[in-house]
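>>> take a look and give me a structure for this.
(chains A and B)
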2 protein chains.
Amino acid sequence: MQFDEQHLKGMDPRQRVNLVNSLSGFKSANLLATRSATGQENVSIVSSCFHLGADPALMGMIIRPHSVDRHSLEYLQETGVYTLNQVHKDIVAQAHQTSARYPREVSEFDATGLTPEYLADFAAPFVLEAHIKLGMAVAEVQELAINGTVLVIGEIRFVTLPAGVMADDGYVDIEAAGTVALSGLDSYHRTQREGRWQYAKPDKAPATY
Amino acid sequence: MQFDEQHLKGMDPRQRVNLVNSLSGFKSANLLATRSATGQENVSIVSSCFHLGADPALMGMIIRPHSVDRHSLEYLQETGVYTLNQVHKDIVAQAHQTSARYPREVSEFDATGLTPEYLADFAAPFVLEAHIKLGMAVAEVQELAINGTVLVIGEIRFVTLPAGVMADDGYVDIEAAGTVALSGLDSYHRTQREGRWQYAKPDKAPATY
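Numbering: from 1, shown residues only, chains lettered A, B, ... in the order given. Down below sits the predicted model:
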């Protein structure tokens, strides 16, 4: 089937949201955790984290300022730090539940049964139950004029990995760590590696390791 | 294991690239296809497409202007259009091979065995072999000062889907369409749905459909 932008514009809004959220392909699933200057903790699932650069080690994410992400955005701007914690198969229910619109005074840690964990000298909480965790420093916050969403760019300050998942060449086997992929707004997927492919060169046929 | 930014900075550059590319979680895999004003075709795999908004239907992607993506960036700016074609299990080898650094005059379509396909009134080629394809109009191109990468924002103009993959609520079963997920720079994964979760509410326990 094929349709154009006129059809998209004419769709039921809820249907369009589900459709358009499916069209970018699989998404990352991360728990964004923050703490306000006054100590209020927040944790919220984000599906828009993306790699931005390795040196400096930068990651981007898109926040909707009028959604349940609004408190996270406020707190990471207040304190300059946040954490990203990859969602794995055993915490999907809790991770998805953080997307409920809790009032400000409720910590989603308490509400969903996740546990805040602190590193010395880092103001934002990590998610104890996660396996792969990043401590991030805010590098830039930019409102995108085109639709009012906010691009947050952060620099990686701390990395926590389970033993044995990092290969000699630096690749992390996130599948072995149980990390899930998202599609659309609400579908969670386990993965099965088909292969790692060798660095591609014009005069070489594609091959896996 | 745990390490900090000093350790990251001290790593072998190739190792750091593999590591940091793994830390955002699973990535989408799309073929970005373009045609220059003079008719030169280009196709290049991108792992950084992300959802930006449903109304208008916007998608973002990050391009490295000094990488193999340089020609794509030039052509989409020249013509104002490009296409995104989800990579599925049967075209992974060809898709990965598009990341080789071919000279400008070589079309990656020819070099990798993929086939350009044109819709009436749309200047950029689609990838015939893909199942889920988007015709995109450039909405904004912005260099990110922090590291010189380029954020391209596009609006969805045309959507092509296989029969039967869109649910009544608009969700597209990209797993059924064979779409793969990426991790790191070179690892391709099939997926297995664990479940779709109901819209989360504070007073409701998390549940799948």
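
>>> which residue, other than its chain neighbours, is closest to A:Y118?
A:P125 (5.9 Å; CB to CB, 6 or more residues apart in numbering or on different chains). In short, each C-beta sits where N, CA and C put it, glycine included.

>>> from what I can see the one you found touches A:T83, true?
Yes - assessed by CB atoms under 8 Å, A:P125 is found in contact with A:T83 at 6.6 Å.

>>> which residues are in contact with the residue nearest the centre of chain A?
Centroid check for chain A by CA atoms, centre = their mean gives A:N30 as the closest residue, at 3.1 Å. By CB atoms under 8 Å, 6 or more residues apart in numbering or on different chains, the contact set of A:N30 is A:45-47, A:49, A:61, A:84-87, B:24-25.

>>> of those residues, which is the most crowded?
Within those, most neighbours by other CB atoms under 10 Å in any protein chain shown means A:V87, with 30 neighbours.

>>> check what pLDDT that residue gets.
pLDDT recorded at A:V87 is 98.

>>> spit out the contact partners of it.
Counting by CB under 8 Å, 6+ apart, A:V87 has contacts A:29-31, A:45, A:95, A:130, A:179-180, A:188, B:25.

>>> in helices, which of the residues you listed appear?
Within those, residues falling in helices by DSSP state H are A:A95.

>>> buried among the contacts of A:V87? Make that a ChimeraX selection.
ChimeraX command restricting the contacts of A:V87 to the buried ones, with burial defined by 16 or more other CB atoms under 10 Å in any protein chain shown:
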select /A:29,30,31,45,95,130,179,180,188 /B:25
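
>>> show me where chain A has helices.
A:5-10, A:13-22, A:70-79, A:92-97, A:108-112.

>>> which stretch among those helices comes nearest B:K204?
helix A:92-97 (8.7 Å; CB to CB).

>>> that closest one - what's its average pLDDT?
Helix A:92-97 carries an average pLDDT of 98.

>>> list the helices and strands it packs on?
helix A:108-112 (3 or more CB pairs under 8 Å, 6 or more residues apart in numbering or on different chains; DSSP states H and E).

>>> what's the helix it packs on in contact with?
Contacts of helix A:108-112 (CB under 8 Å, 6+ apart): A:33, A:41-44, A:94-95, A:97-98, A:100, A:102, A:114-116, A:125, B:202.

>>> ok, and the closest non-adjacent residue to A:Q2?
B:T160 (4.8 Å).

>>> was I right about the one you found contacting B:L128?
No - counting by CB under 8 Å, B:T160 does not reach B:L128; the two are 10.7 Å apart.

>>> looking at the two, which one has more neighbours?
Each of B:T160 and B:L128 has its neighbours counted (other CB under 10 Å); B:T160 has more, 18 against 13.

>>> the more buried one bridge partners, please.
Beta bridges link B:T160 to A:Q2, B:K133, judged by DSSP bridges.

>>> and it, how far is that from B:F126?
B:T160 is 7 Å from B:F126, where distance means CB to CB, to the nearest Å.

>>> now the common contact residues for those two.
Joint contacts of B:T160 and B:F126 (CB under 8 Å, 6+ apart) are B:K133.

>>> tell me which stretches of chain A form strands.
A:2-4, A:27-28, A:30-35, A:41-46, A:50-54, A:57-63, A:81-86, A:116-117, A:126-127, A:133-143, A:150-160, A:181-183, A:187-196 (DSSP state E).

>>> between the ones you listed, which one is closest to B:E194.
strand A:187-196 (4.8 Å).

>>> quick one: strands adjacent to that closest one?
Sheet partners by DSSP bridges: for strand A:187-196, these are strand A:181-183 (antiparallel), strand B:187-196 (antiparallel).

>>> quick one: average confidence on that strand?
On average, strand A:187-196 scores 97.

>>> and that strand, what's buried?
Buried residues in strand A:187-196 (16+ other CB under 10 Å): A:187-191, A:196.

>>> could you do stretch A:126-136 as well?
Here stretch A:126-136 shows A:126-127, A:129-136 as buried, counting by 16+ other CB under 10 Å.

>>> out of these, who's nearest chain B?
Proximity of those to chain B (CB to the nearest CB) peaks at A:L134, which lies at 6.0 Å.
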